[in-house]
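Student: Have a look; sequence and predicted model below, questions after that.
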Amino acid sequence: MIFKKASATTVGLDLGSYSVKMVEMDLSGKDPVLINYGITELQPNSIKGGQVVERQAVVEAIGILFETCQVVNRQVCVGLSGTDVIIKTIQTDRMTREELEKNITWEAEQHVPFPLKEINLDFQLLDPEGTDPQMNVLLVAVKRELVQEKLSLFEECGCEVLVMDVDTFALMNALEANYEAPGSGCDCVVHFGHESTQLGLVKNGLPILTRHLPVGGKNLVDTIQGQLGISEDEAYLAMMGEQAAESPAESPPPDITNFLPVMLDEVITGVNRAAAFLESTAEGGVIERVFLSGGCANIQGLHAQFEEQVGLPCQICNPLSKIAFKTELFQAEPVERVAPSLMLAIGLGLRMP
């Protein structure tokens, strides 16, 4: 992670491939308060596969978001994800943290598919109080080129990066701030994005497993559009259970239930594999709850179909269930409807340097 001196508030900025979400948090009191938020769509194909393709369009979108939300603080907390981010749980001989710091480079050479000179490296002990001969370590490697690209982009936007975190860790941060941890077992976070889905397991506040799955809402939109012969905009509306403005008022939105597997099958497989991984670990354990978040969490029929197929208790995550917020922020749309889209931005906004 990258940390710098903080301002009076923190700004979490979620730069996705379909839209940019921003939250401004006041962390000066005993409990955090959401004091501002904004969402703006990006021009199509501005970001593809996590890479900025139309840089000027992205810069302009971020600038518009700050201007319309009237956010003065330009120190931002941002996330990293994609194929240039490697997160692995490894086992090593038990040693002190100081000893591990000296050996972590050697460990990284065994597990990271990039030359060490090209990456930023970090780690976290997952069982520091354990007594077994082996210990679990979470290893995080990020290509320096990706870090530099993000820093350069936000500098062009007139922003200073205060914190640079891994997306999945920020999601877990938002979850921990709003839900009590289960007595045993793990929680699973599934964050549906436009092009990809983030999956993470967390136990007692510690990340156990993370996965980046290359499937998201775009797969579903493309299928709806092709199968129903409608425009892309109409497909987006149908996905969210809404009807196009020009459609007859009495006409219900199209039923997309049969199309959901194009997005869900790979994600459900990922959850099942995560559950199998848990069972294979020395500590064992099970997934007790699955939390769905992201802009696609509210897709009509998704929650019910996901829960039925994965066979675990699932719920749509509300990252503002225990975080105070200004009620006037959600006059246009209910907080329960908007909050899942803000999950990542809130997790970033809660980061304290």
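Tutor: Nice, I can see it. Residues are numbered from 1 along each chain as shown.
Student: Checking my notes, Gln198 in a strand, right?
Tutor: Yes - per DSSP: H, G, I helix; E, B strand; the rest coil, Gln198 lies within a strand segment.
Student: residue contacts, it?
Tutor: Shown in contact with Gln198 (CB atoms under 8 Å, 6 or more residues apart in numbering): Ser81, Asp167, Thr168, Leu171, Val189, Val190, His191, Thr210, Arg211, His212, Leu213. In short, each C-beta sits where N, CA and C put it, glycine included.
Student: bridging residues for it?
Tutor: In this structure, Gln198 bridges to His191, His212 when assessed by DSSP bridges.
Student: Surely Phe325 is in contact with Val33?
Tutor: Yes - assessed by CB atoms under 8 Å, Phe325 is found in contact with Val33 at 6.7 Å.
Student: As a check, name the ranges of all helices in the stretch 251-353 of the chain.
Tutor: Here the stretch 251-353 of the chain has its helices, by DSSP state H, counting those that start in this stretch, at 261-280, 302-310, 335-338, 343-349.
Student: neighbour count winner among Phe325 and Val33?
Tutor: Set Phe325 next to Val33 and count neighbours by other CB atoms under 10 Å: Phe325 wins out with 19 against 15.
Student: Okay, and the beta partners of the more buried one?
Tutor: Counting by DSSP bridges, Phe325 forms beta bridges with Leu34.
Student: So that it lines up with my notes, have the first residue be 41 from now on.
Tutor: Sounds good: first residue 41 from here, last item Phe365.
Student: Check it and give its pLDDT.
Tutor: Per-residue pLDDT puts Phe365 at 96.
Student: ditto for the one 4 residues further on
Tutor: At Leu369, the pLDDT value in this model is 94.
Student: go on, Arg329?
Tutor: So Arg329 comes in at 94 (pLDDT).
Student: Then Ala372?
Tutor: Per-residue pLDDT puts Ala372 at 88.
Student: Now do it against Tyr77, distance only.
Tutor: Separation of Ala372 from Tyr77 (CB to CB, to the nearest Å): 12 Å.
Student: More neighbours: the two, which one.
Tutor: Taking neighbours as other CB under 10 Å, Ala372 and Tyr77 compare with Tyr77 leading, 26 against 7.
Student: Now do the same for that one: helix, strand or coil?
Tutor: Three-state assignment for Tyr77 (three-state DSSP): strand.
Student: With Val182 instead?
Tutor: Under three-state DSSP, the three-state class of Val182 is strand.
Student: What of Pro153?
Tutor: Here Pro153 is recorded as coil under three-state DSSP.
Student: Give me the neighbour count for it.
Tutor: Using other CB under 10 Å, Pro153 has 8 other residues around it.
Student: Verify the contact between it and Ile126 for me.
Tutor: Yes - counting by CB under 8 Å, Ile126 is a contact partner of Pro153 at 7.1 Å.
Student: which one of the contacts of Gln238 is nearest Asn244?
Tutor: Distance to Asn244, by CB to CB, is smallest for Val229 among those, at 14.7 Å.
Student: Could you confirm the closest one falls within a helix?
Tutor: No - going by three-state DSSP, the assignment for Val229 is strand, not a helix.
Student: Confirm for me that it is in contact with Cys357.
Tutor: Yes - with contact defined as CB under 8 Å, Val229 counts as touching Cys357 (7.3 Å).
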